[in-house]
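*Asks:* Quick one, what's the 3D model for this:
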Amino acid sequence: MSNYGASSDASKKRNTFLFKYLLSSTAAVVAESVTYPLDLTKTRLQIQGEQAASKAAATTQQPYRGMIKTAIGIVKEEGIPKLWQGVTPALIRHIVYTGCRMSVYEILRENLFLKNPDGTFPIWKASCCGMISGMVSQFLASPTDLVKVQMQMDGKRRLAGKPPRMKSTSHAFRKIAVEGGFRGLWSGWVPNVQRAALVNMGDLATYDTAKHMIMKHTSLEDNVITHFLSSVLSGVVAATLSTPADVVKTRIMNQPWKNGKGLLYTSSLDCLVKTVNAEGAMSLYKGFFPTWARMAPWSLVFWLSFEQIRKVTGVTSF
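*Replies:* Numbers count the residues shown, from 1 in each chain. Now for the predicted structure:
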């Protein structure tokens with residue numbers, strides 16, 4: 001009887017918000033560390049058109065090189081370690097962001113948007129849960145995302161003969177707070193939250209739905225193969241939905257600020273219109289391939305790690 005009670009108590013502890021938060025954060029740190037160079041490459045590509053449009057930058061900015069050549073260029077011009085420039089705030093971001101989004105999604109799925117009596121979870125409910133969890137989590141993590149983007153671009157500033165803006169992660173937070181005030185830490189939060197809503201609608205809803213559809217309509221069980229197929233689908237959908245918002249978010253976050261106001265764009269809509277007018281509608285999908293190439297392995301590593309960590313620790317499968 002005592003053993004059963006102890007086992008029951010341990011099971012309850014493993015299914016708490018905090019425990020699941022720690023599990024998802026751990027899986028996110030693994031995925032982010034492995035795939036971070038792809039995120040840096042994607043960010044550099046998204047900024048290229050903006051810099052090339054400036055007459056002042058036109059003489060120093062190199063032509064569009066594509067994902068592979070951009071990555072090779074970073075290694076040759078700045079060194080291999082620069083592929084992980086800004087990784088510290090990126091890891092901090094995912095500890096906050098992914099920990100929250102996964103935990104909030106499960107809370108919503110199990111307590112608010114309830115499953116059907118047969119255990120299925122309609123895609124519209126999964127989409128709502130994904131959007132809400134993404135928006136809440138990204139708002140909380142937005143300052144770390146801002147620091148990450150600006151640190152990623154400092155290597156390019158050095159090559160252009162400009163002094164680096166950030167000396168370290170802590171210096172970046174202080175500098176942004178001094179220049180833009182406390183609210184400046186949330187600059188770009190609107191497109192950031194918009195992007196997160198789309199990413200999580202694509203990622204969480206697709207993975208959750210695909211996983212259970214695969215198990216229901218095929219002979220596959222809740223195993224690594226099912227997790228692999230579901231994560232591949234979720235990465236494609238998430239990248240397709242989120243790339244335009246990602247381009248806008250990156251440009252707003254990377255712009256210079258003065259007295260708490262952006263010097264290039266006044267809002268997400270203003271950035272969207274100016275980008276389309278200057279570079280065409282397809283510029284909103286600039287960096288789509290590196291975005292997808294980044295999301296696909298990230299999603300794969302995360303979901304496989306997350307499911308295995310849950311299994312090892314005795315938590316029920318996602």
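
*Asks:* can we go C-alpha only for contacts and neighbour counts from here?
*Replies:* Noted.

*Asks:* If you count neighbours, what's buried in stretch 183-203?
*Replies:* 184-203 (16 or more other C-alpha atoms under 10 Å).

*Asks:* Which ones among these lie within strands?
*Replies:* Using DSSP state E, the subset of the buried residues of stretch 183-203 located in strands is empty.

*Asks:* how many neighbours does the closest residue to residue 316 other than its chain neighbours have?
*Replies:* Nearest non-adjacent residue to residue 316, counting by C-alpha to C-alpha, 6 or more residues apart in numbering: residue 310, 6.5 Å away. Residue 310 is flanked by 19 other residues according to other C-alpha atoms under 10 Å.

*Asks:* And for the one 4 residues further on?
*Replies:* A count of neighbours around residue 314, defined by other C-alpha under 10 Å, yields 13.

*Asks:* now it: how far from residue 23?
*Replies:* 11 Å (C-alpha to C-alpha, to the nearest Å).

*Asks:* How about residue 88?
*Replies:* Per C-alpha to C-alpha, residue 88 is found 19 Å from residue 23.

*Asks:* More neighbours: which of the two?
*Replies:* residue 23 (23 against 16).

*Asks:* List the contacts of the more buried one.
*Replies:* 99, 306, 309-310 (C-alpha atoms under 8 Å, 6 or more residues apart in numbering).

*Asks:* go again using 10 Å as the cut-off
*Replies:* 14, 95, 98-99, 102-103, 305-307, 309-310, 313, 315 (C-alpha atoms under 10 Å, 6 or more residues apart in numbering).

*Asks:* do you know how far residue 109 is from residue 101?
*Replies:* Residue 109 is 12 Å from residue 101, where distance means C-alpha to C-alpha.

*Asks:* Now the common contact residues for those two.
*Replies:* 129-130.

*Asks:* which of the two has more neighbours?
*Replies:* Set residue 109 next to residue 101 and count neighbours by other C-alpha under 10 Å: residue 101 wins out with 28 against 18.

*Asks:* The more buried one reaches residue 201, doesn't it?
*Replies:* No: checked against C-alpha atoms under 10 Å, the pair residue 101 and residue 201 is beyond contact range at 11.1 Å.

*Asks:* so what's in contact with these two at the same time?
*Replies:* 129-134.

*Asks:* got JSON lines for those, with pLDDT and distance to residue 250 too?
*Replies:* Shown next, in JSON lines, are the shared contacts of residue 101 and residue 201 (pLDDT from 0 to 100; distance: C-alpha to C-alpha, whole Å):
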{"residue": "129", "pLDDT": "95", "distance to residue 250": "25"}
{"residue": "130", "pLDDT": "94", "distance to residue 250": "22"}
{"residue": "131", "pLDDT": "95", "distance to residue 250": "20"}
{"residue": "132", "pLDDT": "96", "distance to residue 250": "21"}
{"residue": "133", "pLDDT": "95", "distance to residue 250": "21"}
{"residue": "134", "pLDDT": "94", "distance to residue 250": "17"}
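
*Asks:* Tabulate the residues you listed in TSV, adding columns for distance to residue 178.
*Replies:* Output for the shared contacts of residue 101 and residue 201, formatted as TSV (distance: C-alpha to C-alpha, whole Å):
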residue	distance to residue 178
129	36
130	34
131	32
132	31
133	30
134	28
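
*Asks:* Point to the helix or strand of the chain where mean pLDDT is at its lowest.
*Replies:* helix 55-58 (a mean of 47; mean pLDDT, DSSP states H and E).

*Asks:* Check which element follows that helix along the chain.
*Replies:* Following helix 55-58 in sequence order, the next helix or strand is helix 66-78 (DSSP states H and E).

*Asks:* And the strands in this structure?
*Replies:* Counting by DSSP E, the strands of the chain are 257-258, 261-262.
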